[in-house]
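**Student:** missing the sequence, but the structure's below:
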């Protein structure tokens, strides 16, 4: 075949743009939007049932008259002129990618086509034949430069097949789409230099066209290949490793008796159940894990020989059997029983396979599955259960305690058993069971005695040994739990694989805005990155429609566990890659304020969690405001933030701020404050002062943007942190002077200084807890919090002795063992060299922590993942832009890959940060120069418009530190006098 060069005037869409188009199509298809092309017009039919499901993208033969006939046949069609290469539309914004060429090119195909339908006497061509026609047009007209667009279309369509195989026919159905065709296609249109000059990723194109062999999306091309849910499943990471949808309420996994805060752990402990709701990465007590199932055989088929209590029934799992991937979890127990599980939004589907096992008399043993009226923490107060053997259903409810907060919650379940005939059923209490009782109510009683109890069903083992259990969950009622299960998993014995595929597709779609050009780095780095992205979307959890506390049409999200952890990186990350979800979360926070009077600082299982520091939902709101998230009532948001700043709740351990009388009068929170307005843990005076300062700064930023007259009051309060700076305070480690002078210290009501050793509660000293041994810093040291002035770094640097002394202090903090990178306040300190004019040191520090503390092993997190906080830190650091939350600021370092692109889901604009001179050994990690959209760029930070407007940032790297980004005018904004205020 003749070689083909890209015509000079040909504009080839970037790979990220094509992926954005694919995502747009998928989103529209999810809304039942069908597409058609009529000659020079693009027609979109919204929700029309006239087009069959297998015809999602079609070509209609004819010109404008055909379009008119189509409109007469079905007025639901919306016709748009085909201009500016806008060949299809998704929602209110056109996606500017030419999806299909004019059908006049394919007259022969139409004339010969047999797979067509007719809508209003207009022929509709299947996507399979579209691909065929384009293949023919390329091979038969290889000298025609116009065929280059057909090549683009084929790659687009095959790539779309790859990402969403359920929506288009297999590429193998295209007669010319064979391995031979792929080679010919690449030879004809594979002038690699030409494609590269045009900005096209030919390697990916080749991978996509490999689908022409008729295979589904291969592991090599699937980003889910790099998602490892087991990262952080030991060493205190407490990640949820099981099956979940993005932000899903149902979360199914095996529960163990070891590190079980997230349910499962790879610590070699015993499996004691399989439950359907969990949190991820949290500290505190184990959370949720309500109503676990447990499969077993009763020795000799004697019911009382079965092991019912948690402590007795545990079985080791086979290490190499664990299969954890997005939307799916499976393992084998050492007794031979295999457990698999997947989920929908509010239901879990389990598949237990029992090996054949016989009693001594040769009779077949009967599989038994119990339901336990407990949770992961054994916090149950009271519960009830009902067994209906005739329908194969067990329902129940229980009252439980939150794992890190106040109050209680009621959870409901509905379990349907299938795949095997029921032999008998009943109730169990402690280590005994009976088939006569079919209902039970248990309570703790006045002496708090905990009675282990539940229900069971026993089956005649089916030929394949498989018993399915569909578990619907709800916070409303058992009836609602049953409705959830029946609606979302209507055919539990047949739906397992389909449900798994849907979950995988949901995760692919959520991850699809991001594209990585690896540049030869090892797969461990890719796993760390993509798994971090994945974990940011496990929680908060979307409980919309499942909130029994108040009636509302607003979204309801739970498991903000806790915002002190998540506001620093997780929520800013979701603002970039999933702004619609983040907007819904903000609306949920505001709806909680509307009905409960306060913005939450921590929340789980419908309950108020402990307030850890300040009112940090204020920072989440400010971050959303300065980054222009839509759909939010900003006047209500300002009202809620002012409420935090001005009014003290009676019990400020769970919401709002405490000590506000002193805050307003003294401009700091005193040590041993006398607070007669409210009650709370009277500690953390230093960290609360610093956090309240930043909370008020966040309020000022929103107030100024809304033109509120009182914003200056809060801007003034934002400087209150300076009132606890003691300029002559020294710090010693094991009796040796660190050489640094000036630290934050507690101060009494009368203005005299108290004392806290600056290294207390650090990684070199004892751990400090909010409840057991509280200090004047929340779970951190004075050393950690001395850097927590995110809005006024210029003043802080000046107080600490200037840039050189600040850098020396920051280096000492990170190299002496004082820094605990597993604690979220340390996140920003990795990148604060930017504020002292040394951005290169931020890059070096990020590489010091990745992969040493953040890697792809099961112990690859330095501490609790905290609902995805550690994952978000990993992702931001590796993509080369780290946020200062609540501000329109991202600090720039070179990405850990050759390039990272993110297509904004709302604007459909693609932002790219690309390294020039990248090397996968990370010898060149220092920026020597930068170009933004082709123009020189010297600032060491960038704003959120980089993502929304789809800019390109190119960083030229070298092995030595340069002067890039070091000038005063190139430093990030700060309230300090030496630097400019936010514009």
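**Tutor:** Cool, the structure landed. These numbers come from a predicted model, not from an experiment.
**Student:** low-confidence ranges, the stretch 651-800 of the chain, go.
**Tutor:** 771-772 (pLDDT under 70).
**Student:** now do the strands in it.
**Tutor:** Listed in chain order, the strands of the stretch 651-800 of the chain (DSSP state E, counting those that start in this stretch) span 725-733, 736-744.
**Student:** tell me the angle of the last one relative to strand 725-733?
**Tutor:** What that stands for is strand 736-744. Angle, strand 736-744 to strand 725-733, by axes from the mean of the first three to the mean of the last three Cα atoms, to 10 degrees: 160 degrees.
**Student:** buried residues, strand 736-744. List them.
**Tutor:** 738, 740, 742, 743, 744 (16 or more other Cβ atoms under 10 Å). Glycine gets a C-beta too; all of them are placed from N, C-alpha and C.
**Student:** could you export those residues as TSV, including distance to residue 594?
**Tutor:** Listed next are those as TSV, based on distance: Cβ to Cβ, whole Å:
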residue	distance to residue 594
738	48
740	47
742	44
743	41
744	36
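**Student:** from those residues, which is closest to residue 399?
**Tutor:** Closest to residue 399 out of the buried residues of strand 736-744 is residue 744 (42.9 Å), distances taken as Cβ to Cβ.
**Student:** for the stretch 251-400 of the chain, what spans make up the helices?
**Tutor:** Along the stretch 251-400 of the chain, the segments classed as helices by DSSP state H, counting those that start in this stretch run 310-313.
**Student:** can you pull out the strands in it?
**Tutor:** Under DSSP E, counting those that start in this stretch, the stretch 251-400 of the chain gives strands at 251-256, 270-275, 293-297, 315-316, 323-325, 328-332, 338-343, 347-353, 367-372, 382-388, 393-400.
**Student:** pull up the pairing partners for the fifth one, direction included.
**Tutor:** Which is strand 323-325. strand 328-332 (antiparallel) (DSSP bridges).
**Student:** point out where the stretch 101-250 of the chain drops to low pLDDT.
**Tutor:** For the stretch 101-250 of the chain, the stretches with pLDDT under 70 are 101-221.
**Student:** residue 541 is nearest to which of the strands of the stretch 251-400 of the chain?
**Tutor:** Nearest to residue 541 among those is strand 251-256 (7.8 Å), distances taken as Cβ to Cβ.
**Student:** next, the angle strand 347-353 makes with that closest one.
**Tutor:** 50 degrees.
**Student:** what's the most buried one of the strands of the stretch 251-400 of the chain?
**Tutor:** Counting by mean count of other Cβ atoms under 10 Å, strand 251-256 has the highest mean neighbour count of the strands of the stretch 251-400 of the chain, with a mean of 28.
**Student:** relative to strand 367-372, how tilted is it?
**Tutor:** Calculated by the same axes, to 10 degrees, strand 251-256 forms an angle of 100 degrees with strand 367-372.
**Student:** just the closest of the buried residues of strand 736-744 to residue 436, please.
**Tutor:** residue 744 (66.9 Å).
**Student:** hmm, that closest one is touching residue 723, no?
**Tutor:** No - proximity of residue 744 to residue 723 does not meet the contact threshold set by Cβ atoms under 8 Å, at 9.7 Å.
**Student:** what residues are shared contacts of the two?
**Tutor:** Counting by Cβ atoms under 8 Å, 6 or more residues apart in numbering, residue 744 and residue 723 have no contacts in common.
**Student:** how many other residues sit next to residue 867?
**Tutor:** For residue 867, the number of neighbouring residues by other Cβ atoms under 10 Å comes to 30.
**Student:** these two touch, right, it and residue 558?
**Tutor:** No - using Cβ under 8 Å, residue 867 is not in contact with residue 558; the gap is 11.0 Å.
**Student:** intersection of neighbour lists for these two?
**Tutor:** With Cβ under 8 Å, 6+ apart as the test, residue 867 and residue 558 both reach residue 540.
**Student:** as CSV, the strands of the stretch 651-800 of the chain with distance to residue 510 would be great.
**Tutor:** CSV is the format used below for the strands of the stretch 651-800 of the chain (distance: least, Cβ to Cβ, whole Å):
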stretch, distance to residue 510
strand 725-733, 43
strand 736-744, 40
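**Student:** which among those is found nearest to residue 757?
**Tutor:** Residue 757 sits nearest to strand 725-733 of all the strands of the stretch 651-800 of the chain, at 7.8 Å, using Cβ to Cβ.
**Student:** buried set for the closest one?
**Tutor:** Quick answer for strand 725-733 (16+ other Cβ under 10 Å): 725, 726, 729, 731, 733.
**Student:** got it, and stretch 938-957?
**Tutor:** Neighbour-count burial for stretch 938-957 [16+ other Cβ under 10 Å]: 939-944, 946-948, 950-957.
**Student:** can you give me the end-to-end span of stretch 294-312?
**Tutor:** The straight-line separation of the ends of stretch 294-312 (Cα to Cα, to the nearest Å) is 12 Å.
**Student:** mean confidence for that stretch?
**Tutor:** For stretch 294-312, the mean per-residue pLDDT is 97.
**Student:** repeat for stretch 533-544
**Tutor:** Per-residue pLDDT over stretch 533-544 has a mean of 98.
**Student:** and the end-to-end length of that stretch?
**Tutor:** Termini of stretch 533-544 sit 23 Å apart (Cα to Cα).
**Student:** which strands or helices does the longest helix anywhere in the chain pack on?
**Tutor:** Criterion DSSP state H: the longest helix present in the chain is helix 685-705. Judged by 3 or more Cβ pairs under 8 Å, 6 or more residues apart in numbering; DSSP states H and E, helix 685-705 is in contact with helix 617-626, helix 634-646, helix 711-717, helix 782-785.
**Student:** can you list those in a markdown table and add mean neighbour count?
**Tutor:** Shown next, in a markdown table, are the helices and strands packed on helix 685-705 (neighbours: other Cβ atoms under 10 Å):
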| stretch | mean neighbour count |
| --- | --- |
| helix 617-626 | 27 |
| helix 634-646 | 19 |
| helix 711-717 | 18 |
| helix 782-785 | 27 |
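**Student:** do you know which of the ones you listed lies nearest residue 232?
**Tutor:** Going by Cβ to Cβ, the one of those nearest residue 232 is helix 782-785, 21.7 Å.
**Student:** give me the contact list for that closest one.
**Tutor:** By Cβ under 8 Å, 6+ apart, helix 782-785 touches 686-687, 690, 731, 743-745, 756-760, 762, 776-777, 813, 818-820, 823, 825-826, 829.
**Student:** count the residues that sit near residue 476.
**Tutor:** 15.
**Student:** quick one, what contacts it?
**Tutor:** Applying Cβ under 8 Å, 6+ apart, the residues contacting residue 476 are 412, 546, 548.
**Student:** find the nearest non-adjacent residue to residue 402, please.
**Tutor:** On the basis of Cβ to Cβ, 6 or more residues apart in numbering, the spatially nearest residue to residue 402 that is not a chain neighbour turns out to be residue 607, at 3.8 Å.
**Student:** nice, that's everything, thank you.
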